[in-house]
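Novice: coordinates only, no sequence provided:
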């Protein structure tokens, strides 16, 4: 009988590394097959798959409303708002592509990458922070999807329409099951779904423009004055809006290795993200502005929510078709952006206990808990003034601003401190070269987070919070560099 191998080796294959795992890793409490480095044969995503992933994630209800957020809350004109969205998504490409590099090279997911900068056990702190944000978004997107399911069935059945809020709750759980089913089937299932969804979503976007164009004065829309005080300089409003828009994908700039670990080359992950993200965000946010402006002519009043707008079409066939598209768009966003990351993050806590299936179910259960108050409101069991919209606009966006330091730390660790080299087997062992807790990572994280909280509580250093993602990521990276050099 062949002797059992005990020592793992990282094998270089072209520009990739593949782990030839021995018993030192396979018996480690920090390892399971689902968060193990991907094999070369698993790295099948080309640039079109990556681009389709971003098209599927970017076309969603929150993207549709971004133009309105920037004009209503940041005092920008429509033209300024659209430019801000485009520039912000070009800016966010920098941390996205940089943090994707180690995922592609070593085939590791986000929480395993964190083990280098925060420690083998310490990695769970930033990973669970990211997971909680994702579970919140998962609950919100599932609520949007559930409403679309309810409106679709209501167009087909008067008895379903009579269910009212109960129908929306049933729609929530139907949509929940569809999301969970896709992710449990694995990365190939997500890849095929995104490739199917992306061209359909783009085609529907074009169709909506054709439908709305006659009812909207584009020239008048673009000529509308900004909402800020007359004569106020643009810079402060622009950079405030820019920070908010960068924060929209701040979460994915952290866990992009969860997807880039399946890329077939560094060129594919870079080109795919450049093709898929900025223009999709710009065009779909622009569509939201156009549709909102045209809604008064289409349905008799201004409606900024695409689900409610399309739900008012007095034609059951087109209502069903439109809701099917919204359901597809929301599933393609939710599965990739809000389930994959927490699934891996929860596995990182206890890989021997939590595998991919259990991680997905745990994510889904927390998503239900976070939305339980809204579900009970719809059933008439609870009275509350807290709305999904306030959760989306206040807690999650503010919470995401705390993630900037993690991005800066990850990039500095890999490119500056580690010089693009990981001990691949060591990332999965308690007795490897990485400490249980990396003090430098926590100092670099807690200092900017502390300053952000002080700014929120006292108003002192308000600019630090206003430009939170930029200030946090730059300060976090700098402190991590200095603290790591002194060790």
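Specialist: Structure's in. What do you need? What you see is a predicted model, and the numbers here were worked out from it, not measured in a lab. Numbering: from 1, shown residues only.

Novice: the longest helix seen in the chain: how far from the chain's middle?
Specialist: Determined from DSSP state H, the single longest helix within the chain is helix 124-156. In terms of Cα atoms, centre = their mean, to the nearest Å, the centre of helix 124-156 is found 12 Å from the chain centre.

Novice: and whatever helix or strand comes next after it, what's buried?
Specialist: Once helix 124-156 ends, the next helix or strand along the chain (criterion: DSSP states H and E) is helix 158-161. By neighbour count on 16 or more other Cβ atoms under 10 Å, the buried set for helix 158-161 is residue 160. C-betas here are computed from N, CA, C, even on glycine.

Novice: what angle sits between the next helix or strand after helix 158-161 and helix 124-156?
Specialist: Using DSSP H and E, the helix or strand that follows helix 158-161 in sequence is helix 165-184. Compare the direction of helix 165-184 with that of helix 124-156 by axes from the mean of the first three to the mean of the last three Cα atoms, to 10 degrees and you get 130 degrees.

Novice: off-centre distance for the very next helix or strand once past helix 165-184?
Specialist: Proceeding N to C from helix 165-184, the next assigned helix or strand is helix 187-212, under DSSP H and E. Remark: helix 187-212 is offset 18 Å from the chain centroid, using Cα atoms, centre = their mean.

Novice: downstream of helix 187-212, the next helix or strand is which one?
Specialist: Following helix 187-212 toward the C-terminus (DSSP H and E): helix 218-222.

Novice: so which bits of whichever helix or strand comes after that following helix are buried?
Specialist: Note on helix 218-222: by DSSP H and E, the next helix or strand toward the C-terminus is helix 234-248. Across helix 234-248, burial judged by 16+ other Cβ under 10 Å covers 237-248.

Novice: for stretch 85-94, same thing?
Specialist: 85-93.

Novice: now stretch 335-350
Specialist: Buried, per 16+ other Cβ under 10 Å, within stretch 335-350: 335-349.

Novice: in helices only, show me these.
Specialist: 340-349.

Novice: now these in JSON lines, with pLDDT?
Specialist: Output for these, formatted as JSON lines (pLDDT from 0 to 100):
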{"residue": "340", "pLDDT": "93"}
{"residue": "341", "pLDDT": "93"}
{"residue": "342", "pLDDT": "95"}
{"residue": "343", "pLDDT": "96"}
{"residue": "344", "pLDDT": "96"}
{"residue": "345", "pLDDT": "97"}
{"residue": "346", "pLDDT": "97"}
{"residue": "347", "pLDDT": "97"}
{"residue": "348", "pLDDT": "97"}
{"residue": "349", "pLDDT": "97"}
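
Novice: report the central residue of the chain.
Specialist: residue 337 (4.0 Å; Cα atoms, centre = their mean).

Novice: now the angle from the helix or strand hosting residue 89 to helix 234-248?
Specialist: Per DSSP H and E, residue 89 falls inside helix 78-91. Per the same axes, to 10 degrees, the angle that helix 78-91 makes with helix 234-248 is 50 degrees.

Novice: contacts for helix 78-91?
Specialist: 66-67, 70-71, 74, 76, 221-222, 224, 226, 234, 238, 241-242, 245-246, 248-249, 277-279, 281-282, 285-286, 289 (Cβ atoms under 8 Å, 6 or more residues apart in numbering).

Novice: what subset of those residues is buried?
Specialist: So, by 16+ other Cβ under 10 Å, the buried ones in the contacts of helix 78-91 are 66-67, 70-71, 74, 76, 221, 226, 238, 241-242, 245-246, 248-249, 277-279, 281-282, 285-286, 289.

Novice: helices of the stretch 351-487 of the chain, start to end?
Specialist: Assigned by DSSP state H, counting those that start in this stretch, the helices in the stretch 351-487 of the chain fall at 356-370, 372-379, 388-390, 397-400, 404-412, 439-458, 462-466, 468-485.

Novice: verify the stated contact: the residue nearest to the centre of the chain with residue 137.
Specialist: Yes: with contacts counted by Cβ atoms under 8 Å, residue 337 reaches residue 137, the gap being 6.8 Å.

Novice: overlap in contacts, these two.
Specialist: residue 251.

Novice: least confident secondary structure element in this protein?
Specialist: helix 388-390 (a mean of 57; mean pLDDT, DSSP states H and E).
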